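> Okay, here's the prediction I keep looking at, along with the sequence it came from:
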Amino acid sequence: MTSLRLSLDDTDFAALFEIARSQIPAITPQWTDHNTHDPGIMLLELMAWAADQESYALGRMRVDERFAYAALAGLHPAGPAPARGLVWPTTDPSSDAPSFNTGVYLNERDPVTPERPDAPPFALDHGVYLTPATLTGIQTIAPDGTRIDWPLDGISPGAPLLAFGTRPARGARLELSLTGTLLSSPPGAQQRPLLSLGFAAEQPADDGAPEVRQGRISARLQAELAAPGQSIRLPVVHDRTSGFTSSGILLLDLSGVTPGPLPAATVLRLTLRGPSLPVAPRLTSVALNVLPVRQEQAKILMGSSTGLPDQEFSLDRDDPDPTLSVDHTQVRFGKGAAPLTLAVNTLSGESKWQPHDDLSKAGPDDEVFVFDAANGVIRFGNGLNGAIPPAGAELEVSCTLCQGEAGNLPAGLAWGVDGVRGFTNIEPIRGGTDLIDIDELRREARQHVRDDRPLVTDADLEAAAEACIDLRVARAQVIPGFDPNRASGQAGRSRTLIVISSDPSRSESDGGPETAAWLRALRRRLAPRFPVGDRVRIIGPRYIPLRLRATLRVAPNRNAAAIADKAQRLLQARLATVPARQGDPFWTLGRDVEPNDLKGWLRRLDGVTAVAEVRIGTKSTQLGDKAMEIPPHGLPQLTIEPSDITVVTATRGGQP
């Protein structure tokens, strides 16, 4: 696709003038005098000069103008973003798990220490209550009452826990069996018992492509503590798990729980109250007392006022003690960051000064300041535009420091908090980014123009669908001008997008992984980027049942059972709707199934001397040797049993 953007760097006065003069014969043949003295040529030169000046000015904008243009694209300067993650109680038998007889209250910003010398300081992302209770069992209960017991020590990426079953609908619930003491004593005046439940979601396979995530899956959970004859609703204070489809914690308020040992058979019920989830949650770990952490450190800087107008207070501090040094590029500001605060202390008391955007709009008595994030400087007024701190007044600046990308840490580190050891991060600590300055804004703006454009071409639409990795989109293909619901003689939609899910929790035998909820969620992601007037239909493929029967002749002294097993796995791999790994074969949409193709695959198996017969059909009782026709949006769905492949050992002459 040809770019429509002008190259403003190369289009100068001479080029603009020659372009305009070259159009004269085609537009106005009567204009024959193209020399400099002609008034029309003079006007063309004037317009070319004006356009050249505008191009020059656009390429050399002031910093504030660049910030303004970036804001039009939704981009704003921001300080470094902290890395965040979860720290779990260890289950390694070779290390000591955290233990305590009574509950422990932890406050937000309490230090959490990783046992790594070069690691920056971390703090709690939210206040939590560490309970001495123990998790003894996990069950999934479907809306129809079907129950599944999950082993606590058998959850792994290869055998995940399906929190709400294969089809998470409203009313499905996850039950956690608890023993011991959940709340050991009544909370104090400034304490809030927030039980922290951690959930680690199975991550998509890393195929080397950059991770792209658009939006979040929304879910609404209801929590209650249930024992025989009683039930207590627990308010959900914090939930970033997206219905357990992404790793996160669930904070539950235990204020309504009676302190003391739990009754027998107590369970914590987590019920899905919102609409059906588009994907089935697949968990690899569930635990109590999981700590949310973020990489940041509070800092207080001291100074004194000179009493002069337009004075500046620099945040940069260079000290041999690294705990006292401050680099202004590490100061957090912008969306989501705690605002920088400043207090002016005099003999008459302390006053809090407020941040301001423009001192020229402040009055002489306004106690305000401006924070120049690019240079790490706080500026005060001149007595007319903003007040001046009194001479000798003590200046106290409170800010939050963050080391950005340096806070991204690998999994498997040991951690401690409030003297309690035995924690680890089972997943990497991610999300730390450095200061977004004018150069970074320029880079993001260029990427924004390149990537966040309307989905004009079919390739754009397919790539955007496959980028929704949290929805587990495995394949996407546009069929132009195709509409399976179009009646003969009627105009169809402009495009039809066929999407295929890679959710392994759901199979085509129970209706297919492309559920209505999944298709609606995908459409909500893509629809805002559709061009105006573009009509796109998003559907799943039509699965055509495929049954077969094959007879193979194998060489003498070969393991017939092993060859039959290889033949079955070969057919399943070649007819797969979703490749198991990047680069593996898969069946294309609308491709007919030919018996001769299957014969050719089976004949190349080691030990097979001949393929006597291959018969296919939609039913095991209606098999033939003709090709199976697949509609343009269809895929064959193979169902194969061990008895469908017959292996006959051939004699030396090649016959059975």
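Ah, there it is. Every value quoted in this text rests on a predicted model; they were computed, and no experiment measured them.

> so where's the stretch 351-500 of the chain shaky on pLDDT?
486-493 (pLDDT under 70).

> can you give me the helices in it?
438-451, 458-466 (DSSP state H, counting those that start in this stretch).

> Highest mean neighbour count out of those?
helix 458-466 (a mean of 18; mean count of other CB atoms under 10 Å). C-betas here are computed from N, CA, C, even on glycine.

> Please state the mean pLDDT value computed over the helix ranked longest in the chain.
In the chain, assigned by DSSP state H, the helix with the most residues is helix 39-59. For helix 39-59, mean pLDDT is 85.

> That helix: which residues count as buried?
Neighbour-count burial for helix 39-59, counted by 16 or more other CB atoms under 10 Å, picks out 41, 44, 45, 48, 51, 52, 55.

> show me what contacts residue 619?
545, 547 (CB atoms under 8 Å, 6 or more residues apart in numbering).

> Can we start the residue count at 19 from this point?
Yep, numbering from 19; the last one is residue 637 now.

> Tell me the spacing between it and residue 567.
Per CB to CB, to the nearest Å, residue 637 is found 12 Å from residue 567.

> Touching both of these two, which residues are there?
By CB under 8 Å, 6+ apart, no residue touches both residue 637 and residue 567.

> Quick one: end-to-end length of stretch 303-321, please.
49 Å (CA to CA, to the nearest Å).

> So which bits of it are buried?
Within stretch 303-321, the residues that count as buried by 16+ other CB under 10 Å are 303-315, 317, 319, 321.

> Enumerate the positions of stretch 570-587 that are buried.
Under the neighbour-count criterion of 16+ other CB under 10 Å, stretch 570-587 has 570, 571, 572, 581, 582, 584, 585, 586 buried.

> Wasn't the fifth one part of a helix?
Yes. Under DSSP: H, G, I helix; E, B strand; the rest coil, residue 582 falls within a helix.

> Show the model's pLDDT score for it.
At residue 582, pLDDT is 92.

> and it, what does it touch?
So residue 582 contacts 570, 660, 663, 665 (CB under 8 Å, 6+ apart).

> Tell me the helices and strands packed up against the strand or helix carrying the last one.
So that's residue 665. Per DSSP states H and E, residue 665 falls inside strand 663-667. When contacts are defined as 3 or more CB pairs under 8 Å, 6 or more residues apart in numbering; DSSP states H and E, strand 663-667 sits against strand 560-572, helix 578-592.

> Give me the packing partners of the shortest one, helices and strands only.
Going back to what we said before, that points to strand 560-572. Using 3+ CB pairs under 8 Å, 6+ apart, strand 560-572 sits against helix 578-592, helix 613-621, strand 626-637, strand 640-642, strand 652-656, strand 663-667.

> To residue 398, which of those lies closest?
Checking these against residue 398 by CB to CB gives strand 652-656 as the closest, at 69.0 Å.

> hmm, back to that, go through the buried residues of stretch 303-321 and flag which are in strands.
When DSSP state E is applied, the buried residues of stretch 303-321 are split such that 303, 304, 305, 306, 309, 310, 311, 312, 315, 317, 319, 321 fall in strands.

> what are the bridge partners for the nearest residue to the last one once chain neighbours are set aside, then?
Same thing as residue 321. Counting by CB to CB, 6 or more residues apart in numbering, the nearest residue to residue 321 once its immediate chain neighbours are dropped is residue 413, at 4.4 Å. On the basis of DSSP bridges, residue 413 is bridged to residue 321, residue 362.

> Distance-wise, check residue 413 relative to residue 550.
For residue 413, the distance to residue 550 equals 54 Å [CB to CB].

> Check residue 415 too.
From residue 415 across to residue 550, the span is 49 Å (CB to CB).

> These two: which is more packed in?
Neighbour totals were compared for residue 415 and residue 550, and residue 415 leads with 21 against 5 (other CB atoms under 10 Å).

> Let me know which of the helices and strands packed on strand 560-572 is tucked in deepest.
For these, the largest average neighbour count (mean count of other CB under 10 Å) is found in strand 652-656, namely a mean of 21.

> helices or strands up against that one?
Partner elements for strand 652-656 (3+ CB pairs under 8 Å, 6+ apart): strand 560-572.

> before we move on, back to that, would you list the helices of the stretch 369-518 of the chain in TSV and tack on distance to residue 134?
As requested, the helices of the stretch 369-518 of the chain are exported to TSV (distance: least, CB to CB, whole Å):
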stretch	distance to residue 134
helix 456-469	27
helix 476-484	36
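
> the domain parsing of the chain - what is it?
Split into domains by automatic domain parsing, the chain comes to 31-78, 150-306, 315-419, 471-557, 561-667.

> Of the helices of the stretch 369-518 of the chain, which is nearest residue 533?
The closest of the helices of the stretch 369-518 of the chain to residue 533 is helix 476-484. By CB to CB, the value is 15.8 Å.

> quick one, that closest one and helix 456-469 angle?
Going by axes from the mean of the first three to the mean of the last three CA atoms, to 10 degrees, helix 476-484 is angled at 110 degrees with respect to helix 456-469.

> Relative to the whole chain's centre, how far out is helix 476-484?
With CA atoms, centre = their mean, to the nearest Å as the basis, helix 476-484 stands 18 Å off its chain's centre.

> What is it packed up against?
Contact analysis of helix 476-484 by 3+ CB pairs under 8 Å, 6+ apart lists strand 491-498, strand 513-519, helix 534-544 as its packing neighbours.

> How about residues contacting that helix?
471-473, 491-496, 498, 513, 515, 517, 540, 543-544, 547, 554.

> Quick check on these: which are buried?
For the contacts of helix 476-484, a burial check counting by 16+ other CB under 10 Å picks out 473, 491-496, 513, 515, 517, 540, 543-544, 547, 554.

> Which members of these are the farthest-apart pair?
Maximum pairwise distance in these, criterion CB to CB, is 20.5 Å, between 492 and 547.

> low-confidence ranges in the stretch 169-318 of the chain?
Within the stretch 169-318 of the chain, the stretches with pLDDT under 70 are 175-176, 222-233.

> Identify the spatial nearest neighbour of residue 269, chain neighbours not counted.
residue 256 (3.9 Å).

> Pretty sure the one you found sits in a strand.
Yes. Residue 256: assigned to a strand according to three-state DSSP.

> List the contacts of residue 590.
Applying CB under 8 Å, 6+ apart, the residues near residue 590 are 656, 658.

> What count of nearby residues applies to residue 36?
12.

> Tell me the helix or strand right after the helix or strand containing it.
Assigned by DSSP H and E, residue 36 belongs to helix 31-40. The helix or strand immediately downstream of helix 31-40 is helix 42-45, counting by DSSP H and E.

> Mind listing residues that contact that following helix?
Residues from elsewhere that reach helix 42-45, judged by CB under 8 Å, 6+ apart: 49, 52.

> Would you mind listing the buried residues in it?
Residues of helix 42-45 classed as buried: residue 42 (neighbour count, 16+ other CB under 10 Å).

> tell me how far that helix is from the chain's mean position?
Relative to its parent chain, helix 42-45 has a centroid offset of 55 Å by CA atoms, centre = their mean.

> Likewise for stretch 492-508?
Offset of stretch 492-508 from its chain centre (CA atoms, centre = their mean): 30 Å.

> hmm, who's touching it?
Residues outside stretch 492-508 that contact it (CB under 8 Å, 6+ apart) are 476, 479-481, 483-484, 510-520, 555, 557, 560, 595-597, 604, 607, 649-651.

> Can you tell me which of the helices and strands packed on strand 560-572 is nearest to residue 244?
For the helices and strands packed on strand 560-572, proximity to residue 244 was assessed by CB to CB; strand 652-656 is nearest, at 41.2 Å.

> Let me know the average pLDDT across that closest one.
Averaging pLDDT along strand 652-656 yields 92.

> can you check stretch 40-52 too?
88.

> Quick one: end-to-end length of that stretch, please.
10 Å.

> Any idea how far it is from the middle of the chain?
When C-alpha coordinates are averaged (CA atoms, centre = their mean), stretch 40-52 and its chain have centres 58 Å apart.

> Could you list everything residue 213 pairs with in the sheet?
Counting by DSSP bridges, residue 213 forms beta bridges with residue 147, residue 270.
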